[in-house]
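Student: kindly generate the corresponding structure for this input.
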Amino acid sequence: MARCDSESDSGNDSETSQSNAAPTIDDATRRLGVESATAVARAVLEAAGDRPFRRFGRPATVAAAVRIASRRTEGPTVGLERIVPALAVDPGRVERAEARLTAALSEPADPDEIRTLRRRLVVAHELLAACEAGRRRPELPGSRLADAAPDLLARVDGPAGHCADLEGLEGSPAAEPRLRAHVERLEADLELARLGTTLYARLEDDCRR
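Tutor: As a prediction, this is how the structure comes out:
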């Protein structure tokens with residue numbers, strides 16, 4: 001069947017003139033210090049299929065996948081200024097490969113939504129740690145809340161001693177397992193928000209295999 005993508009039909013396509021020799025995803029993430037993004041980078045490549053490799057070459061496509069993955073995970077975001085010398089790739093080619101890979105993915109959530117979920121998760125972790133230690137609320141100051149979610153600090157450090165997200169759990173024999181379940185839900189919500197539905201679904205499928 002004839003290809004209809006004009007980019008792929010070019011007979012003198014210079015994008016693939018470089019050698020296809022390239023580090024693996026594991027090598028690339030290790031060189032860039034973003035090993036935690038390895039599974040996500042692999043899912044980015046799987047979502048896009050083989051066409052970006054043919055269009056831009058394997059080195060640039062792998063680099064682009066790692067860059068996308070670093071933006072959608074908790075670790076540091078790697079910029080072109082680090083990628084180019086570490087992986088010996090052309091920056092323009094990486095950017096074009098990144099645009100093609102991104103087009104195959106759903107968008108992550110709005111940054112404000114991601115920040116809100118992250119802060120709620122910090123609160124829930126602190127409350128769970130306090131519950132596990134037999135305390136009614138986190139010990140403040142000294143809690144991560146003071147730095148990570150200062151505007152939520154008052155909600156936890158008030159007379160009720162718990163976050164409004166967890167209303168009704170305090171003092172219950174089931175508080176700890178319910179807090180743990182709440183933390184797990186927030187972790188899943190935050191991962192979905194960061195990754196977008198395409199990557200989240202692929203990673204969930206991989207976990208079930």
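Student: got the domain ranges for the chain?
Tutor: 14-103, 111-208 (automatic domain parsing).
Student: right, so the ones you listed: which one is the most enclosed?
Tutor: Across those, averaging neighbours per residue (mean count of other C-beta atoms under 10 Å) puts domain 14-103 on top, at a mean of 19. Yep, even glycine has a C-beta here, placed from its N, CA and C like the rest.
Student: pLDDT on it, on average?
Tutor: Averaging pLDDT along domain 14-103 gives 90.
Student: thought P59 was touching A88, still the case?
Tutor: Yes. Using C-beta atoms under 8 Å, A88 is in contact with P59, at 7.1 Å.
Student: what's near enough to touch P111?
Tutor: Listed by C-beta atoms under 8 Å, 6 or more residues apart in numbering, P111 has no contact partners.
Student: for it, report the pLDDT, please.
Tutor: P111 is assigned 94 on the pLDDT scale.
Student: any idea how far it lies from R118?
Tutor: 10 Å (C-beta to C-beta, to the nearest Å).
Student: could you do T77 as well?
Tutor: 15 Å.
Student: over to G134?
Tutor: Taking C-beta to C-beta, one finds G134 at 27 Å from R118.
Student: try G79
Tutor: Distance from G79 to R118, by C-beta to C-beta: 22 Å.
Student: next one: E132
Tutor: 21 Å.
Student: swap in V78?
Tutor: On the measure of C-beta to C-beta, V78 and R118 end up 20 Å apart.
Student: same check on A133?
Tutor: For A133, the distance to R118 - C-beta to C-beta - is 23 Å.
Student: try V40
Tutor: When distance is defined by C-beta to C-beta, V40 is 17 Å away from R118.
Student: and E107, which of the three is it?
Tutor: coil (DSSP: H, G, I helix; E, B strand; the rest coil).
Student: which SSE is the spatially closest residue to A37 that is not a sequence neighbour in?
Tutor: Spatially, and ignoring its direct neighbours in sequence, A37 is nearest to A69 (3.9 Å; C-beta to C-beta, 6 or more residues apart in numbering). Element membership of A69, judged by DSSP states H and E, is helix 58-71.
Student: can I get that helix as CSV, trimmed to CA atoms?
Tutor: Output of helix 58-71 as CSV, limited to C-alpha atoms (Å, rounded to 0.1, in the frame of the first residue of the first chain):
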residue,chain,number,x,y,z
ARG,A,58,17.3,5.8,15.5
PRO,A,59,19.7,8.1,17.4
ALA,A,60,17.5,11.2,17.2
THR,A,61,14.3,9.2,17.8
VAL,A,62,15.6,7.5,20.9
ALA,A,63,16.9,10.9,22.2
ALA,A,64,13.5,12.5,21.5
ALA,A,65,11.7,9.7,23.4
VAL,A,66,13.9,10.2,26.4
ARG,A,67,13.3,13.9,26.4
ILE,A,68,9.6,13.5,26.2
ALA,A,69,9.7,10.9,29.0
SER,A,70,11.7,13.1,31.3
ARG,A,71,9.1,15.9,31.0
